[in-house]
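**Q** using only what follows, build the 3D model:
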Amino acid sequence: MLTLAPIRAIGVDEPQYAKGHRYLTLVYQIDAGLTRLLWVGKERTVETFEGFVAMIGGELASKNGPRRPRASAEEVALVCPQALKRI
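**A** Residues are numbered from 1 along each chain as shown. Here you go, the predicted model:
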């Protein structure tokens with residue numbers, strides 16, 4: 001069973017998987033000494049990322065935040081108000 005409680009940092013990547021601007025949203029745990037894929041979502045939208053936030057729960061999400069170059073400040077603030085955005 002996957003436990004999410006020890007997550008201190010997450011990273012988000014949005015690779016293109018097909019022609020025509022088709023993307024996935026990949027969310028990783030990026031804690032020191034532990035990197036693992038946590039979640040895969042289709043497309044790269046605010047709604048897609050909100051699906052991950054809903055899965056882990058709002059309380060845990062407010063303690064973590066996405067670290068990805070393409071994340072808009074609006075998206076980060078919307079779903080993770082306590083997040084740090086690093087490029």
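**Q** from here on, just use CA atoms for contacts and neighbour counts.
**A** Noted.
**Q** residues contacting whichever strand or helix holds Arg36, please?
**A** Assigned by DSSP states H and E, Arg36 belongs to strand 34-42. By C-alpha atoms under 8 Å, 6 or more residues apart in numbering, the list of residues contacting strand 34-42 from outside reads Tyr23, Leu24, Thr25, Leu26, Val27, Tyr28, Gln29, Ile30, Thr48, Phe49, Gly51, Phe52.
**Q** and the third one, that one's in a strand?
**A** Just to be clear, that refers to Thr25. Yes. According to DSSP: H, G, I helix; E, B strand; the rest coil, Thr25 belongs to a strand.
**Q** show me the contacts for it.
**A** By C-alpha under 8 Å, 6+ apart, the neighbours of Thr25 are Val12, Asp13, Glu14, Pro15, Val40, Gly41, Lys42, Glu43, Arg44, Thr48, Phe49.
**Q** now the third one: phi and psi?
**A** Just to be clear, that refers to Glu14. phi -130, psi 80 (degrees, to the nearest 10).
**Q** tell me the spacing between it and Leu24.
**A** 5 Å (C-alpha to C-alpha, to the nearest Å).
**Q** how many neighbours does Glu50 have?
**A** If you count neighbours by other C-alpha atoms under 10 Å, Glu50 ends up with 18.
**Q** nope, Gly51 is what I was after
**A** 14.
**Q** show me the contacts for the residue nearest to Ile10 when sequence neighbours are not counted.
**A** Once flanking residues are discounted, Ile10 sits nearest to Gln29: 4.5 Å by C-alpha to C-alpha, 6 or more residues apart in numbering. The neighbours of Gln29, taking C-alpha under 8 Å, 6+ apart as the test, are Ile7, Arg8, Ala9, Ile10, Gly11, Thr35, Arg36, Leu37, Leu38.
**Q** wasn't Gln29 part of a helix?
**A** No. Counting by three-state DSSP, Gln29 is not found in a helix; it is strand.
**Q** in stretch 30-42, what counts as buried?
**A** Going by neighbour count (16 or more other C-alpha atoms under 10 Å), the buried part of stretch 30-42 is Ile30, Trp39, Val40, Gly41.
**Q** helices of this structure, start to end?
**A** 46-56, 58-63, 73-79 (DSSP state H).
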